[in-house]
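Student: Next one to model:
(one chain, ligands or ions: 2)
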Amino acid sequence: MIAIAPSILAADFSRLGELVYQVEQGGADRVHVDVMDGHFVPNLSMGPIVVQGLRPITRLPLEVHLMVEQPAKFVESFRKAGADTLIVHHEVLPDATPLLRHIRSLGAKAGFAINPATPVEVVVPYLEHIDLALCMTVVPGFGGQAYLPQSPQRIARLRQLIREAGVNIDLEVDGGIDLKTGLESVRCGANVLVAGTSIFGSPLGAQAATRQFVETMAHT
Ligand code: DX5
Ligand code: ZN
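Tutor: Numbering: from 1, shown residues only. Ligands and ions are numbered 1, 2, ... in the order given. Prediction:
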């Protein structure tokens with residue numbers, strides 16, 4: 001089963017509740033919330049109040065992608081606001097184990113993200129402490145970028161490392177995912193697809209675009 005995680009970064013925020021309802025109706029499996037602090041990435045986005053606002057209006061799990069320099073400062077407030085999964089980046093954590101344990105102790109799922117320039121092998125020591133590995137397929141910071149060509153190889157290697165470790169975790173891809181790059185990523189071993197522009201920017205509308213993703217991936 002391939003899971004679809006629409007990224008609300010690409011949504012029209014004046015209609016956020018309605019658009020989240022649409023992706024839920026379209027068959028999305030979770031909602032992806034991109035948090036940016038202007039330091040780890042050169043952009044600002046949203047904080048816990050957005051998660052708090054979404055929590056009562058959708059049954060979908062909310063996953064929070066923390067593109068911030070100091071993720072430890074924020075995990076509790078996002079969890080309290082209703083986040084189900086908290087994803088932190090390797091690049092700001094010399095040893096991620098304590099924070100990953102802390103996230104799980106809060107009752108959330110722990111995710112671990114790596115940038116395109118980071119060797120995929122860095123995930124190995126953490127595989128027992130995470131529920132999800134996130135392979136960035138663009139340099140994080142902005143929606144609407146092109147899927148990087150080295151991504152398929154990196155996804156396949158990550159899937160191999162996960163298989164070798166014998167753990168049952170999600171392998172998620174994020175950045176430039178549309179039906180084509182999504183299918184390619186799934187063939188390489190990804191099982192969760194984050195999609196922003198290709199869902200919220202689709203001329204079909206968010207609901208039909210989500211449905212198209214779900215149906216396309218059902219045949220893989
Ligand atoms: C990139 C974010 C992504 C982004 C994906 O920094 O982590 O989640 O919103 O957007 P698209 O699908 O437009 O590349
Ligand atoms: Zn993201």
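Student: okay, CA-based contacts and neighbour counts for the rest of this
Tutor: Fine.
Student: Get me the contact residues on the chain for ligand 1.
Tutor: Taking Cα under 6 Å from any ligand atom as the measure of proximity, the chain contacts ligand 1 at 7, 9, 34, 140-145, 174-177, 195-197.
Student: Just these: which are in strands?
Tutor: Asp34, Asp174, Ala195 (DSSP state E).
Student: OK, contacts around the second one?
Tutor: Just to be clear, that refers to Asp174. Listed by Cα atoms under 8 Å, 6 or more residues apart in numbering, the contact partners of Asp174 are Leu134, Cys135, Met136, Thr137, Val138, Leu193, Val194, Ala195.
Student: quick one: it from Gly196, how far?
Tutor: From Asp174 over to Gly196 the distance is 9 Å, taken as Cα to Cα, to the nearest Å.
Student: before we move on, the earlier item: buried subset of the residues of the chain next to ligand 1 as a ChimeraX selection?
Tutor: Here is the ChimeraX selection string for the buried members of the residues of the chain next to ligand 1, based on 16 or more other Cα atoms under 10 Å:
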select :7,9,34,140,141,142,143,144,174,175,176,177,195,196,197
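Student: Among the residues of the chain next to ligand 1, which one lies nearest to His219?
Tutor: Among the residues of the chain next to ligand 1, Ile177 lies closest to His219 (Cα to Cα), at 17.3 Å.
Student: so what's the closest residue to that closest one other than its chain neighbours up against?
Tutor: Counting by Cα to Cα, 6 or more residues apart in numbering, Ile177 lies nearest to Ala195, which is 5.4 Å off, once chain neighbours are set aside. Shown in contact with Ala195 (Cα under 8 Å, 6+ apart): Ile4, Ala5, Pro6, Ser7, Asp174, Gly175, Gly176, Ile177, Asp178.
Student: same thing with Gly26?
Tutor: Contact analysis of Gly26 by Cα under 8 Å, 6+ apart lists Ala206, Gln207, Ala208, Ala209, Thr210, Arg211.
Student: Confirm the third one sits in a strand?
Tutor: Looking back up the chat, that one is Ala208. No: read with DSSP: H, G, I helix; E, B strand; the rest coil, Ala208 is helix and lies in no strand.
Student: Longest helix in this protein, by number of residues?
Tutor: helix 151-165 (DSSP state H).
Student: Can you give the contact residues for the host helix or strand of Met36?
Tutor: Per DSSP states H and E, Met36 falls inside strand 31-36. Contacts with strand 31-36, where a contact means Cα under 8 Å, 6+ apart, come from 5-9, 20, 42-47, 51, 60-68, 141, 194.
Student: rerun that using 6 Å as the cut-off
Tutor: By Cα atoms under 6 Å, 6 or more residues apart in numbering, the residues outside strand 31-36 that reach it are 5-7, 44-46, 62-68.
Student: Can you give me the pLDDT of the residue nearest to Ala190 when sequence neighbours are not counted?
Tutor: Nearest residue to Ala190, sequence neighbours excluded (Cα to Cα, 6+ apart): Leu171, at 5.0 Å. Here, the pLDDT recorded for Leu171 equals 99.
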